[in-house]
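Enquirer: Sequence and computational prediction follow.
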Amino acid sequence: MSCCTSAPIVTQTCETLLSKCEVPIIDLAHMDVKFRHLGQPPGLRHPRLWKEKASTLEGIINLMPPSGRCSGINGPRRSTNVTLDIFEYSYNSRGTERYPQKGVVKQVASKLLRALSEKGLALLVNHGIPECKMKAAYRAFDAFCELPEEVRTKYERNESNYGYVKPGPSKYTDEKEARHVFNVTGTGGPLPDEEVPGFKSAVDELARDFKQLSAMLLTALAVGLEQSPDFLMSKHSRMLEPGNESTLRLLYYPPLGAPAPGLARCSAHCDYGTFTLLAQDCEGGLEIQTPYGERWGRVGHLPGAILVNTGDILANWTNNQLPALRHRVVVPEHCGRGRHSIAFFVHPDTNTLIEPLDTKIAQANQEPALCRLQKKKRGVMTAYHHIQRRFRETYAS
Ligand SMILES: O=C(O)CCC(=O)C(=O)O
Ligand SMILES: [Fe+2]
């Protein structure tokens, strides 16, 4: 039984999307009934009603920073014009189909491809993972971070990338990164369930849900890339099992006060895998560099939404037509609160060959350009070689 509603609230009163990056919003409501049965906000349960509500959000709308608990974090009150990209779905009158209709998958696929090729990211709503599961994991990790250092050290990150990393020097730059990290990988390892009761169940629940959501997105991506629907899933068959580097990461950034030189929350980088799913609380600070752009833009917080962003491997597969998204987390100017986030890094099985696909991806306002890629047999890497190279670059001291 679910402990709270699964769906994020996307209504006219949802005033917390503060994005200068114009992040596309992708609605997954019709993708999987297993998620939908967990419930949606009243009034959005019926697709026709949802469609009406959605239409009120289409086009340019005014978004105001929230006036409540998070207003101090998100800066002074001002309005921002943001173009929202809202999906429309064919209405299934019986509402009984167990699996999404082909047309729905195709629509999600094309929106996802467009979002990832143009922006490198999208916000997913109605994805089916209840917000209370995120909050349970945030609370469990808070409790872990409050344990004495000698206890936390017992769970330190091992050579398989599993475990706890305390705040310290950045892996990417000369900065000091003020964040606690707990990586859960397929090799398995200890979880602090004795010291923090409920830690394991919070992690297990999220691991299962993130895997399920990833499977749905991999199917949509494969369809968008004009491959068979199971093309990518067959290459990600062992997520969070041995033989696959996918990782569930809990993150806590303690309060810091004002920004200081040489101090970062998370330095600029691209993720290594296929894509990353990211849940975040309302503290803010996440910034992205739009593909081919120099400027850093702030990604706002849409309650309950999960962000998806491209990683290195998807960029390789698509010959950079879906470029890896550079991102960072900065210390917010106006707030000294802590930030919580949860990342699910989706990686292919380690024996997967990473070579460019023959694929065509439609760019905005352009006819789809056929991109026939030369497959270079020499120099083709497996996912295992790719991740090992990236770990060497990142952790070499
Ligand atoms: O905490 C965040 O929001 C981002 C974390 C991140 O980008 C990472 O760990 O790779
Ligand atoms: Fe990242």
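Expert: Looks like it arrived, so ask away. Ligands and ions are numbered 1, 2, ... in the order given.

Enquirer: unless I'm mixing things up, Q289 is touching N309, no?
Expert: No - counting by Cβ atoms under 8 Å, Q289 stays clear of N309, with 11.2 Å between them. No exception for glycine: its C-beta is placed from N, CA and C like everyone else's.

Enquirer: Please enumerate the shared neighbours of these two.
Expert: Shared contacts of Q289 and N309 (Cβ atoms under 8 Å, 6 or more residues apart in numbering): 325, 327.

Enquirer: So the two - more neighbours on which side?
Expert: N309 (25 against 18; other Cβ atoms under 10 Å).

Enquirer: mind listing what that one touches?
Expert: 120-121, 271, 275-276, 278, 288, 325, 327.

Enquirer: The helix or strand harbouring R389 packs against which elements?
Expert: Assigned by DSSP states H and E, R389 belongs to helix 383-395. On a contact count with 3 or more Cβ pairs under 8 Å, 6 or more residues apart in numbering; DSSP states H and E, helix 383-395 meets helix 312-317.

Enquirer: Other residues contacting the helix it packs on?
Expert: The contact list for helix 312-317 (Cβ under 8 Å, 6+ apart) reads 116, 221, 270-275, 322-324, 347-348, 354-357, 383, 386, 390.

Enquirer: and the next element down the chain from the lengthiest helix in the chain?
Expert: If you go by DSSP state H, the chain has its longest helix at helix 199-224. On the C-terminal side of helix 199-224, the nearest following helix or strand under DSSP H and E is strand 247-253.

Enquirer: If we go by neighbour counts, what in that next one is buried?
Expert: 247-253 (16 or more other Cβ atoms under 10 Å).

Enquirer: Which entries in those are shared with the contacts of ligand 1?
Expert: Within the set of the buried residues of strand 247-253, contact with ligand 1 (Cβ under 6 Å from any ligand atom) is found for 249, 251.

Enquirer: List just the nearest of the buried residues of strand 247-253 to P167.
Expert: Y253 (8.6 Å; Cβ to Cβ).

Enquirer: Quick check: chain neighbours aside, which residue is closest to that closest one?
Expert: In space, and not counting its chain neighbours, Y253 is closest to R339: 4.1 Å by Cβ to Cβ, 6 or more residues apart in numbering.

Enquirer: Surely the one you found is in contact with Q280?
Expert: Yes - contact criterion Cβ under 8 Å: R339 and Q280 qualify, at 7.2 Å.

Enquirer: Which of these two has more residues huddled nearby?
Expert: R339 (27 against 23).

Enquirer: Kindly provide the distance from the more buried one to L278.
Expert: From R339 across to L278, the span is 12 Å (Cβ to Cβ, to the nearest Å).

Enquirer: pretty sure G243 contacts H347?
Expert: No - under the criterion of Cβ under 8 Å, G243 makes no contact with H347, lying 10.4 Å away.

Enquirer: So for the two, which sits in the more crowded spot?
Expert: H347 (29 against 13).

Enquirer: Enumerate every residue touching that one.
Expert: 236, 239, 244-247, 272-274, 313, 383, 387.

Enquirer: So which of those residues wins on neighbours?
Expert: T274 (30 neighbours).

Enquirer: Looks like that residue contacts G311 (just checking).
Expert: Yes - using Cβ under 8 Å, T274 makes contact with G311 at a distance of 5.7 Å.

Enquirer: tell me, what's touching the two both at once?
Expert: Shared contacts of T274 and G311, counting by Cβ under 8 Å, 6+ apart, come down to V346.

Enquirer: With the flanking residues excluded, which residue is spatially nearest to Y162?
Expert: Per Cβ to Cβ, 6+ apart, closest to Y162 is G189, 4.0 Å.

Enquirer: cool, G120 as well?
Expert: That would be L325: by Cβ to Cβ, 6+ apart, it lies 3.4 Å from G120.

Enquirer: what comes up buried for stretch 323-340?
Expert: In stretch 323-340, counting by 16+ other Cβ under 10 Å, buried: 323-332, 335, 337-340.

Enquirer: Over to stretch 230-237?
Expert: So, applying 16+ other Cβ under 10 Å, buried residues of stretch 230-237: 231-233, 235-236.

Enquirer: farthest pair in these?
Expert: The widest separation within the buried residues of stretch 230-237 (Cβ to Cβ) is 10.2 Å, between F231 and H236.

Enquirer: thinking again about what came up before, only the buried members of the contacts of N309: can you turn that into a ChimeraX selection?
Expert: Buried members of those, defined by 16+ other Cβ under 10 Å, are picked up in ChimeraX with:
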select :120,121,271,275,276,278,288,325,327
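
Enquirer: In the contacts of N309, find the pair that's most separated.
Expert: Checking the contacts of N309 with Cβ to Cβ, the most distant pair is F275 and I288, at 13.8 Å.

Enquirer: and the stretch 251-397 of the chain, which residues reach ligand 1?
Expert: Checking the stretch 251-397 of the chain against ligand 1 by Cβ under 6 Å from any ligand atom, the hits are 251, 266, 271, 278, 280, 286, 327, 329, 341, 343.

Enquirer: what's the pLDDT at the fifth one?
Expert: When you say that, I think you mean Q280. Residue-level confidence at Q280 comes out at 96, pLDDT.
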